[in-house]
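A.B. asks: Build me a structure from this.
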Amino acid sequence: MTSDGEAVWLYAVIRDDPAPWVDGLTGVGDGALWTVSAAGLTAVVETVALADFGEEVLPTRLEDMGTLAALARAHDVVVETAVRYTTVAPMRLATMYFDDPSVRRMLEEHRAEFNEVLDLIDGCAEWGVKGYVSSVTRQAEEQPQPQQADTSTRAGGGAAYLRQRREQLTSKRDSENLAYQGAESIHTALTRLAKRHRRHKPQDPKLTGADTPMVLNGAYLVPHQQIDEFGAAVVELGQRQHGVRLELTGPWPAYSFTGGQEVPI
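C.D. replies: Numbering: from 1, shown residues only. Below is the predicted model:
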């Protein structure tokens with residue numbers, strides 16, 4: 001139960017389990033964790049202060065990237081710990097309820113959905129594959145053409161320079177289009193090795209830190225016994241002439257397949 005100045009932060013839902021591994025863990029509010037059980041399910045939770053996590057203050061706090069990253073890491077530490085012991089449906093960052101009875105009612109009302117999700121992800125992990133326009137391709141596009149530049153200079157024509165720049169931009173677009181096509185074929189090939197798959201919106205370069213555009217942001221639910229095959233496929237596909245550089249990340253808890261895809265960061 002919580003007081004009027006507190007709420008319950010929900011981290012994950014698992015099969016009915018006393019979850020002794022929560023002992024000693026702390027969460028986003030630096031408080032101890034405990035469990036709430038109902039309908040054959042167990043929720044991993046923490047009491048948080050509304051002064052720090054209430055709807056009047058939390059949206060503003062989450063606008064700060066440093067605060068958002070810290071909360072996401074603290075949330076994910078709990079989920080990652082749970083994954084080491086059992087099958088876990090991770091919850092979205094900042095999923096909160098008024099009190100324990102509210103959590104129990106939620107578990108009872110959504111029992112079927114949680115059991116379906118837990119059945120789906122049992123024995124699997126989420127792997128991410130990010131694809132970027134190959135930096136080699138981009139460098140080739142942006143490499144100056146000395147002979148064309150000399151011709152433009154001799155002609156003294158701004159029109160020649162503009163034509164050259166237009167050709168370079170057209171080449172850049174063509175290359176990126178080819179990279180997007182390559183990303184499609186890569187994604188199609190990887191889906192054959194995954195139990196489920198999901199394509200997220202490509203991330204902004206400000207978030208990725210990459211110097212070329214992202215053309216693939218895929219999530220793949222892969223059975224544990226197929227992880228080696230999946231990883232080898234990513235390497236092989238990355239070596240083909242798609243004009244795409246691939247990055248494999250994971251394993252992650254199955255955020256993309258349980259509604260918790262706001263984390264990790």
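
A.B. asks: Check which helices and strands the host helix or strand of E126 sits against.
C.D. replies: For E126, the host element (DSSP states H and E) is strand 124-133. For strand 124-133, the packing partners by 3 or more Cβ pairs under 8 Å, 6 or more residues apart in numbering; DSSP states H and E come out as helix 158-191, strand 214-223, helix 227-239, strand 244-252. In this view, the C-beta of every residue, glycine as well, is placed from N, C-alpha and C.

A.B. asks: quick one: what helix or strand has M106 in it?
C.D. replies: Using DSSP H and E, M106 sits in helix 100-109.

A.B. asks: contact partners of that helix?
C.D. replies: 1-2, 8, 10, 13, 36-39, 41, 43, 45, 97, 114 (Cβ atoms under 8 Å, 6 or more residues apart in numbering).

A.B. asks: rerun that using 10 Å as the cut-off
C.D. replies: With contacts defined as Cβ atoms under 10 Å, 6 or more residues apart in numbering, helix 100-109 is touched by 1-2, 7-8, 10, 13, 16, 34-43, 45, 47, 95-97, 114.

A.B. asks: what's the answer for stretch 232-241, then?
C.D. replies: Residues from elsewhere that reach stretch 232-241 (Cβ under 10 Å, 6+ apart): 127, 129, 131, 134, 137, 178, 182-183, 185-187, 189-190, 192-193, 220, 226, 244-248.

A.B. asks: For the buried ones among those, write the corresponding PyMOL selection.
C.D. replies: The PyMOL selection below is limited to those of these classed as buried (16 or more other Cβ atoms under 10 Å):
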select buried, resi 127+129+131+134+137+178+182+183+186+187+190+193+220+244+245+246
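
A.B. asks: Okay, now the unreliable bits of the stretch 1-150 of the chain?
C.D. replies: Residue ranges of the stretch 1-150 of the chain with pLDDT under 70: 1-3, 135-150.

A.B. asks: Let me see the ranges of the strands in it.
C.D. replies: 6-15, 33-38, 41-49, 89-90, 96-97, 124-133 (DSSP state E, counting those that start in this stretch).

A.B. asks: F230: neighbour count?
C.D. replies: By the measure other Cβ atoms under 10 Å, the count of residues near F230 is 20.

A.B. asks: what does the one 4 residues further on give?
C.D. replies: Counted with other Cβ under 10 Å, the neighbours of V234 add up to 20.

A.B. asks: do you know how far it is from T188?
C.D. replies: Going from V234 to T188 by Cβ to Cβ, to the nearest Å gives 13 Å.

A.B. asks: swap in H197?
C.D. replies: Computed as Cβ to Cβ, the H197 to T188 distance reads 10 Å.

A.B. asks: which one of those two has more residues nearby?
C.D. replies: Under the neighbour definition other Cβ under 10 Å, H197 and T188 were set side by side, and H197 has more, 19 against 10.

A.B. asks: tell me the pLDDT at the more buried one?
C.D. replies: Per-residue confidence (pLDDT) for H197: 96.

A.B. asks: Next, G5: phi, psi?
C.D. replies: Dihedral pair for G5: phi -100, psi 20, per degrees, to the nearest 10.

A.B. asks: Need the nearest residue in space to it, chain neighbours excluded.
C.D. replies: Distance criterion Cβ to Cβ, 6 or more residues apart in numbering; nearest residue to G5, sequence neighbours excluded, is L50 at 5.4 Å.
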